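Visitor: I'd like to go over a predicted model; first the sequence, then the structure.
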Amino acid sequence: MIDKPHDYCGIFGIYDHPEAALLTYYGLHALQHRGQESAGIVTTGFDEDKERAIMPMKKGFGLVLSVFDDPKIFKNVLKGRMAIGHNRYSTSGSSKNPANIQPFRVHYRNGNLAIGHNGNITNSRAIRERFRDEGVLFQSTSDTELILHLISHSRKSNQIDQVLDALNQIEGAYCLVILTDDKLIAVRDPNGFRPLALGVKDGAYAVASETCAFDIIGAEFIRDVEPGEVLVIDRNTSSMEGLQSWNLEPKEGTETSQCIFEYVYFSRPDSKIFGENVDKIRRNLGKQLAKEHPLDQVIQYPSNDKRPIVISVPDSSNTAAVGYAHESNKAGFDCKYDIGLIRNHYVGRTFISPGQKSREQKVRTKFNTVRGVLEGRSVIIVDDSIVRGTTSRHLVDMIREANPLEVHFLVSSPPITHPCFYGMDFPSTEELIANKFDSDTDVIAREIGVDSVRYLSSEGLVDAVKEANKSGHSYCTACFTGEYPVPVDFGIEKEENEVI
């Protein structure tokens, strides 16, 4: 979507499989929604003489399908039985700098090392300044490179100890896949902001940002990588009992803070994250929305001829809209869930629409209305969020052209009022429509052209998630509340380290 928050990245890794690179390719394809700027794969193998370990790599700008468009890459270049892969959407480091495309790969005193990262290092400025003072040369402007420097500068002799030494110096939200000459290491930060799952395929262990990456390769989901867990998979790992694991302690005064927006928008509905199916959570959000905003309190002009319809903004809000309609009918209100907007899935993010109305044209290129469904009806639009409000306005304009009786906009999350510093890319605070108008729903309704706007409450959001997922973990709601669970270094610009 043009006017939606963007997640940072998707990561994938697999250990000891003859088709490691190909399986990583498919895994990244399933995780494409988490990042569309660039993609890359690194493998580990040996040279032709079997004398030294090598780390071949292929990466580039664009979608997975375009970066790996030559099948010969998997046979002739990306050799080896271990691999990690990465889809990128940038929140730290320019999206236009090819040096920022991950995975990153280096050679240091203990051999080859590669890394893929999903998240944001919140103390990156202090770490970068320290290395700059020591005369360290940087190859990229991404905070991910800092982790490699921390590992290589560690005075520990053991490679695992070097990794742990580095991890104990970083703060923020991060999931990592690290590839060495003989190990695959998976890491999730102590607060557990981002999801990371462990699976198995033909006896080979794999890790991925979401379980949908396991489904595409026929792997079995085993469990989540736990918050603060450093999971090491090597030749000694022949069973679950053989998995080596270390724990990182959360910063004093902090606790588990899983990103609740993963459930609201980011993750695919067919994934299981944080211990629960995303589809189940989103349906529950729609049901909670119906409890807080019953249909009879929303509709202003009830019609005896045509039932009110509930439509979604495809695709991320589909199941929330189903949940709203189901709960409304259960409560005795006669409404119908229907398809009022059609999305064109063949429009890529590189689509160019010249002219002053480019944003409106992009919306019209991506969506179209089903006039026969909308005409003469009371229309309830259910969406997962409103950010700037520009795309919402264009969608509403299109729906108004179909002559509905009335149009209401219901949001299955609270107003977004604050930026995220844990791996999501939001507009500036001033651009957020809820912040701009102090969450005044009457004003926001006028801005996007609907009869009313209604949000799910912050309490309702958390209650709905916890009702469906009884894991007991806490959630980060900073973008809705401004309460940041882990200290952040405010004011870091995405491209502040770029050479102009």
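Guide: Nice, thanks for sending it over.

Visitor: Pro98: neighbouring residues, count only.
Guide: By the measure other CB atoms under 10 Å, the count of residues near Pro98 is 11. Where C-beta positions appear, they are placed from N, C-alpha and C, glycine not excepted.

Visitor: who's in contact with Arg130?
Guide: By CB atoms under 8 Å, 6 or more residues apart in numbering, the contact set of Arg130 is empty.

Visitor: Give me the next element, helix or strand, following the helix or strand hosting it.
Guide: Taking DSSP states H and E as the criterion, Arg130 maps to helix 124-133. Counting by DSSP H and E, the next helix or strand C-terminal to helix 124-133 is helix 144-153.

Visitor: Verify the stated contact: Gly228 with Gly192.
Guide: Yes: using CB atoms under 8 Å, Gly228 is in contact with Gly192, at 7.3 Å.

Visitor: Okay, buried residues for the longest strand belonging to the chain please.
Guide: Identified as the longest strand of the chain according to DSSP state E is strand 111-121. Neighbour-count burial for strand 111-121 flags Asn112, Leu113, Ala114, Ile115, Gly116, His117, Asn118, Gly119, Asn120, Ile121 (criterion: 16 or more other CB atoms under 10 Å).

Visitor: Quick check: the farthest pair among these?
Guide: Maximum pairwise distance among the buried residues of strand 111-121 (CB to CB): 25.9 Å, between Asn112 and Asn120.

Visitor: What helices and strands are in contact with the longest strand of the chain?
Guide: Where contact means 3 or more CB pairs under 8 Å, 6 or more residues apart in numbering; DSSP states H and E, strand 111-121 is packed against strand 9-15, strand 38-46, strand 53-54, strand 82-88, strand 104-108, helix 144-153, strand 172-180.

Visitor: Please name the strands paired to the fourth one in the sheet, noting orientation.
Guide: Going back to what we said before, that points to strand 82-88. Using DSSP bridges, the neighbouring strands of strand 82-88 in the sheet come out as strand 9-15 (antiparallel), strand 38-46 (antiparallel).

Visitor: Export the shortest one to PDB, keeping only CA atoms.
Guide: Same thing as strand 9-15. Only the C-alpha atoms of strand 9-15 are listed here, as PDB (Å, rounded to 0.1, in the frame of the first residue of the first chain):
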ATOM      1  CA  CYS A   9      12.900  -6.900   6.500                       C
ATOM      2  CA  GLY A  10      12.300 -10.600   6.100                       C
ATOM      3  CA  ILE A  11      15.000 -13.100   7.000                       C
ATOM      4  CA  PHE A  12      15.500 -16.800   6.300                       C
ATOM      5  CA  GLY A  13      18.200 -19.300   7.000                       C
ATOM      6  CA  ILE A  14      18.700 -23.100   6.600                       C
ATOM      7  CA  TYR A  15      21.400 -25.500   7.800                       C
END
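
Visitor: Skip ahead from it and say which helix or strand is next.
Guide: Using DSSP H and E, the helix or strand that follows strand 9-15 towards the C-terminus is helix 20-30.

Visitor: what angle sits between that following helix and strand 82-88?
Guide: Relative orientation of helix 20-30 with respect to strand 82-88: 20 degrees, computed using axes from the mean of the first three to the mean of the last three CA atoms, to 10 degrees.

Visitor: Now do helix 20-30: distance to the chain's middle.
Guide: Taking CA atoms, centre = their mean, to the nearest Å, the mean C-alpha location of helix 20-30 is offset from the chain mean by 17 Å.

Visitor: Same question for stretch 234-252.
Guide: Put simply, stretch 234-252 sits 25 Å off its chain's centre (CA atoms, centre = their mean).

Visitor: Domains of this protein: list them as residue ranges, please.
Guide: The chain is divided into the following domains under automatic domain parsing: 6-257, 278-481.

Visitor: Turn these into JSON lines, columns for mean pLDDT and distance to Arg268.
Guide: JSON lines is the format used below for the domains of the chain (pLDDT from 0 to 100; distance: least, CB to CB, whole Å):
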{"stretch": "domain 6-257", "mean pLDDT": "92", "distance to Arg268": "5"}
{"stretch": "domain 278-481", "mean pLDDT": "90", "distance to Arg268": "7"}
